[in-house]
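>>> Could you look at this predicted model? Sequence included:
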Number of protein chains: 4
Amino acid sequence: MSIPELNGLIAAAHSPFDASGDLNVAVVSQQASLFHEMGLIGVFVGGSTGEWFSLSLDERRALTEAWVDAAGDLVVIAHVGGVAVEKAQLLADHAQTTGVDAISCLVQPQLGVRSAAAAVDYLEAVSSAAPRTSAFYYDMETVTGIDVPLDQLLEIAIDRVPTLAGAKYTNADLATLTRAQQVSNDVQILMGRDEMLLGALACGTKAAVGSTYNYAAPVYQRIFDAMAKGDLDAARLANVEAVMFVKALLKAGVLPGAKAIMRWMGVDVGRPRPPHDTLDPDSARAFHEAIANMPVFARSLQP
Amino acid sequence: MSIPELNGLIAAAHSPFDASGDLNVAVVSQQASLFHEMGLIGVFVGGSTGEWFSLSLDERRALTEAWVDAAGDLVVIAHVGGVAVEKAQLLADHAQTTGVDAISCLVQPQLGVRSAAAAVDYLEAVSSAAPRTSAFYYDMETVTGIDVPLDQLLEIAIDRVPTLAGAKYTNADLATLTRAQQVSNDVQILMGRDEMLLGALACGTKAAVGSTYNYAAPVYQRIFDAMAKGDLDAARLANVEAVMFVKALLKAGVLPGAKAIMRWMGVDVGRPRPPHDTLDPDSARAFHEAIANMPVFARSLQP
Amino acid sequence: MSIPELNGLIAAAHSPFDASGDLNVAVVSQQASLFHEMGLIGVFVGGSTGEWFSLSLDERRALTEAWVDAAGDLVVIAHVGGVAVEKAQLLADHAQTTGVDAISCLVQPQLGVRSAAAAVDYLEAVSSAAPRTSAFYYDMETVTGIDVPLDQLLEIAIDRVPTLAGAKYTNADLATLTRAQQVSNDVQILMGRDEMLLGALACGTKAAVGSTYNYAAPVYQRIFDAMAKGDLDAARLANVEAVMFVKALLKAGVLPGAKAIMRWMGVDVGRPRPPHDTLDPDSARAFHEAIANMPVFARSLQP
Amino acid sequence: MSIPELNGLIAAAHSPFDASGDLNVAVVSQQASLFHEMGLIGVFVGGSTGEWFSLSLDERRALTEAWVDAAGDLVVIAHVGGVAVEKAQLLADHAQTTGVDAISCLVQPQLGVRSAAAAVDYLEAVSSAAPRTSAFYYDMETVTGIDVPLDQLLEIAIDRVPTLAGAKYTNADLATLTRAQQVSNDVQILMGRDEMLLGALACGTKAAVGSTYNYAAPVYQRIFDAMAKGDLDAARLANVEAVMFVKALLKAGVLPGAKAIMRWMGVDVGRPRPPHDTLDPDSARAFHEAIANMPVFARSLQP
């Protein structure tokens, strides 16, 4: 049951839509090819980047199936949370049957959960529906409103969630990250904030899940490789390049900007579902001009 | 299309579940009887009190149908938001077909919507699926994270949402409430925070949607009637009684406490869906003892 | 020692500066005349409106002395908090010696105080330096970061602060206000948020401290008088006028806008101390045009 | 005028008080000896750790003088902000006359400053009173409420503050830190959050100001030295030790706990000024037991 130690970069994959906005699982194999080309070790399916909040349960299941088919040696972590317990249990059971390597679980944001104990209640209930599959807690305070430090939560979860494999930590506090990594050897923390990769690696984190790894993994891989060799100068240089790219991306809008980049790389994942917008032609042109020559992408950007 | 002016109290109904946790629409007619008995003017179906976040689309549709059947002269407002645009559109279309008086729409919390314009985008898209049905925006910053003052949002919405009837305002700022009421005569603001009813009535609000109106409407009706007569002393006395009850309810936990009260009144709406808890026997006993003699309930509480 | 029941409006006075920015206590008697003219019952000296944060201890003392001299039958409440305990004690002792009717005490914002107990520690220490003078706690979460409900804090303070007279409540939550008013008959709550006056009066509040009462007391006095007679329609009309004025003031900037109005009324309190700005000529002209005909002022506005 | 590049650790010194709570500048030379013993490169005088908010202007001046006397080759940065512009200017002028190496300036928290432009207004006004002394902006959102990213603020300040030398960044976001470091070669960013030292060094930061460096500098110096040699394993090990110590310190209370440690090391800086507490005997015993054997201190802890 226990997932092996993860060591490398995992993309939080975009969900592909066609021109009518329908889920277009045919694109998944193109995404998988790109991920292999960039040396990623895994895929996180149907997370925030994957717009889980705009997908039906059937679409989430179809997406998981497509990724298990296309993954090859990529580790597949399926996000099964964000919804009511019973629905999340259906997704967890399906993910296990489909053969994912792990599930991950964001506490449903509307529940009003604020305490560590209640968050673990949710995780325990959902993960019990996939009793032979590793489970990662999904720590993202900006979405859930739960501001309990991750180490406190894991200390409770470790006694109550037999499949607990660790957590995806989407936060900037490296002291909490460090403490969470000390909770147990059986717990892996995946850094979930792309711009904090270098800091997290310095603190001993081994793997990371990121949204910009969909297309800009090369610059993060340079950080990762440089840190593996102890070459801090190279790591810092790549970090500056990554941060400057993210600055431009935030200005354009994360989902519209990222999906435009994917298209410019030849992998058309469509536009975000409404009410998220796509870039209008002028913004797209300005964004392309601002980033096209940045040394961060896996392929050249063809507008 | 336009809904007549609302004048009175509207319960944000609890969703009834049976002992296995399945939706139990048979109880809806009992709830409707209690609402008539208390003199309510309407019902708000599938809102936060109704645990929309723990209901499937099919359950939300079944609930709406049961309420339209049972409502009699109660105004029925169906909450159709909180989910992705396409799903909310399905609910809006269904609500119109079923014959509700109005829909209401909470912006899906995970979307990352922060601006007035983006919130109106969502409302516009959803309400366009029910083009002959009045629509109320659902303003609840603690859930959506949207902190735009309601008047600014309505000034944009009024030009873009032809079915706009007003908003449910679940917030304490009476200055914003007052400004929102000035935006247009075609806009009705429903106060959505039970403890602010007296203040809102003082500012000229005509109707309110509340969670505690499910069972404690009498005390709020006394506030309402006293204010209609300009009897401030009576209004203040009832307000103190209402506030002191809510203090006890918050201590017990809102959903578990409220559903216990409903059962003690003979209308068994079951327990909240997980991970929300039910009261354990000791807590239930202490809660009953604390509130049983409070002069706020429609019926005596039989544990 | 105990202050009599306050019943009416209290201005949070602006601190007067001359053209060089020095404290100009000569203007205090003009402010007092205006306050008498408007029917105010008291003055709150050196609060946030009075820019205590830009005053030295000597200036705060001089201001208190000037107000005790000029007050006539106005109740004088001197703010002595916001600074370190020892300095606040010096101010409290001086205020008592000077002969104020009461002191009020904002917990020093930098202290990192978050709990009710620690806030009461501060209040207890400061008020002990004026053992024969009534003390009002100053509840303003936006400045102190203390989010403990006022009633919980008062329940602790009432046993530990022998001079406790109540609190200035600068917040919008009328349920907390109502509960605070229930803590004891010996406790008076002064509403500190101008736009919430009508709602607070509906809930039984008897007195209020306000920044816009410096010059726009007439419109609030109309609210106050209408509520005393149970004439809700008149109260609502005045409330709309007050709220619309505050909307314009917020757009201009509260301190620069308010000090411009004072000057236009013939009471020149100067400009706010830096880095707060004064209105540039264009903004001043636009602001004057926007508000000059609003039916809220005590005197006409002569630019 | 320009300060040379800082490279190492700077203690945010505690302010020493005697048994009556009076400032006791005689202890400063003992603190300086300890700092030299630990290899620190500088001292930050009268910051948050130094309880500036509980010091009078005269005390702040006396403290600065004592440190300039005792510093030897330690760089002296005097905090001159947190108070009204005119007072901060007096402190800035005095600091320059006394001969500090640099000043630093926290925007006065009560001012209601929220924008980058207004924050720079404050910095510009204060630093203009020390026109021949390097000035560091003090970025600490938790105290000032200013949430403008530091790089945006520096881009404005660099054109308006001729003495600008950089900033003290007391925040966890390494992406903002990285961008701030890119603003100009003339700008030095000092990491101000002790637990983020390792992450910041990984991102290329050269110097840090810390509260726990008063007594636990050895463990941070090990992080610093290990990073200088590219020995990530050693850096990680020391980082875990530092983080675990801070966890214990937070439990005891930062100011009371830290001042107890100083006393146990033979440098008696007294207790924090009220309302901050000192540790009661039981808490002190428990805290000593929890930390005495941690491998982070410069001297053994003698209770």
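Yep, it's here.
>>> Could you use CA atoms for every contact and neighbour count after this?
OK.
>>> So A:A217: helix, strand or coil?
helix (DSSP: H, G, I helix; E, B strand; the rest coil).
>>> Oh, that last question was meant for A:I77, not what I typed.
With three-state DSSP as the criterion, A:I77 reads strand.
>>> and the worst-scoring helix or strand of chain A on mean pLDDT, how far from the chain's centre?
Lowest by mean pLDDT, DSSP states H and E among the helices and strands of chain A is helix A:141-144, with a mean of 86. Put simply, helix A:141-144 sits 15 Å off its chain's centre (Cα atoms, centre = their mean, to the nearest Å).
>>> got it, and stretch A:253-261?
In terms of Cα atoms, centre = their mean, the centre of stretch A:253-261 is set 15 Å apart from its chain centre.
>>> ok, now stretch A:73-92?
Stretch A:73-92 sits 13 Å away from the centroid of its parent chain (Cα atoms, centre = their mean).
>>> Repeat that for stretch A:201-209.
Worked out by Cα atoms, centre = their mean, stretch A:201-209 lies 14 Å from the chain centre.
>>> check which helix or strand covers A:A92.
Using DSSP states H and E, A:A92 falls within helix A:85-98.
>>> What average pLDDT does the very next helix or strand once past that helix get?
Per DSSP H and E, helix A:85-98 leads on to strand A:102-105 as the next helix or strand towards the C-terminus. The pLDDT scores in strand A:102-105 average 98.
>>> Parallel or antiparallel, which strands does strand A:102-105 pair with?
When pairing is defined by DSSP bridges, strand A:102-105 lines up against strand A:75-79 (parallel), strand A:134-139 (parallel).
>>> Pipe the ones you listed into a markdown table and attach mean pLDDT and mean neighbour count per row.
Formatted as a markdown table, the strands paired with strand A:102-105 follow (pLDDT from 0 to 100; neighbours: other Cα atoms under 10 Å in any protein chain shown):
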| stretch | mean pLDDT | mean neighbour count |
| --- | --- | --- |
| strand A:75-79 | 98 | 26 |
| strand A:134-139 | 98 | 27 |
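>>> For the closest residue to A:R60 other than its chain neighbours, give its distance to C:L123.
Nearest non-adjacent residue to A:R60, counting by Cα to Cα, 6 or more residues apart in numbering or on different chains: A:G46, 6.7 Å away. Applying Cα to Cα, to the nearest Å, the value for A:G46 to C:L123 is 52 Å.
>>> Kindly report the same for A:G257.
Per Cα to Cα, A:G257 is found 53 Å from C:L123.
>>> got the angle for the helix or strand hosting A:D58 vs strand A:75-79?
A:D58 is part of helix A:57-70, with elements assigned from DSSP H and E. When axes from the mean of the first three to the mean of the last three Cα atoms, to 10 degrees is applied, the directions of helix A:57-70 and strand A:75-79 differ by 180 degrees.
>>> what angle sits between helix A:57-70 and helix A:85-98?
Using the same axes, to 10 degrees: helix A:57-70 against helix A:85-98 is 20 degrees.
>>> what packs against helix A:57-70?
helix A:28-38, strand A:42-45, strand A:75-79, helix A:85-98 (3 or more Cα pairs under 8 Å, 6 or more residues apart in numbering or on different chains; DSSP states H and E).
>>> Those into a markdown table, with extra columns for distance to C:V246?
Supplementary listing: the helices and strands packed on helix A:57-70 in a markdown table, determined by distance: least, Cα to Cα, whole Å:
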| stretch | distance to C:V246 |
| --- | --- |
| helix A:28-38 | 55 |
| strand A:42-45 | 49 |
| strand A:75-79 | 48 |
| helix A:85-98 | 46 |
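>>> Would you mind saying which of those lies nearest A:E59?
A:E59 lies closest, by Cα to Cα, to one member of the helices and strands packed on helix A:57-70: helix A:85-98, at 10.7 Å.
>>> Just the buried positions in that closest one, please.
A:85-96, A:98 (16 or more other Cα atoms under 10 Å in any protein chain shown).
>>> Next: stretch A:143-156.
For stretch A:143-156, a neighbour-count test (16+ other Cα under 10 Å) marks A:143-146, A:149-151, A:153-154 as buried.
>>> who touches stretch A:8-22?
Stretch A:8-22 is contacted from outside by A:23-25, A:27-28, A:35, A:40-51, A:63, A:206-214, A:217, A:221, A:224, A:259, A:268-273, using Cα atoms under 8 Å, 6 or more residues apart in numbering or on different chains.
>>> Among the residues you listed, name the ones in helices.
Secondary structure assignment by DSSP state H places A:28, A:35, A:63, A:213-214, A:217, A:221, A:224, A:259 of the contacts of stretch A:8-22 in helices.
>>> quick revisit: the strands paired with strand A:102-105 into TSV, with extra columns for distance to D:D233?
Formatted as TSV, the strands paired with strand A:102-105 follow (distance: least, Cα to Cα, whole Å):
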stretch	distance to D:D233
strand A:75-79	27
strand A:134-139	26
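>>> A:V68 and D:V148, how far apart?
43 Å.
>>> Show me which of the buried residues of helix A:85-98 is closest to chain C.
Set against chain C, the nearest of those by Cα to the nearest Cα is A:V85 (31.8 Å).
>>> Chain C contacts on chain A?
Remark: no part of chain A is in contact with chain C, using Cα under 8 Å from any Cα of the partner chain.
>>> Next up, identify which helix or strand the residue of the stretch 201-303 of chain A found nearest chain B is on.
Residue nearest to chain B within the stretch 201-303 of chain A (Cα to the nearest Cα): A:P275, separated by 5.7 Å. Counting by DSSP H and E, no helix or strand carries A:P275.
>>> Now do the contacts for it.
B:85, B:118, B:121-122, B:125.
>>> Next, work out how far apart it and D:Q30 are.
Going from A:P275 to D:Q30 by Cα to Cα gives 63 Å.
>>> Could you report the neighbour count for A:N185?
By other Cα atoms under 10 Å in any protein chain shown, 9 other residues sit near A:N185.
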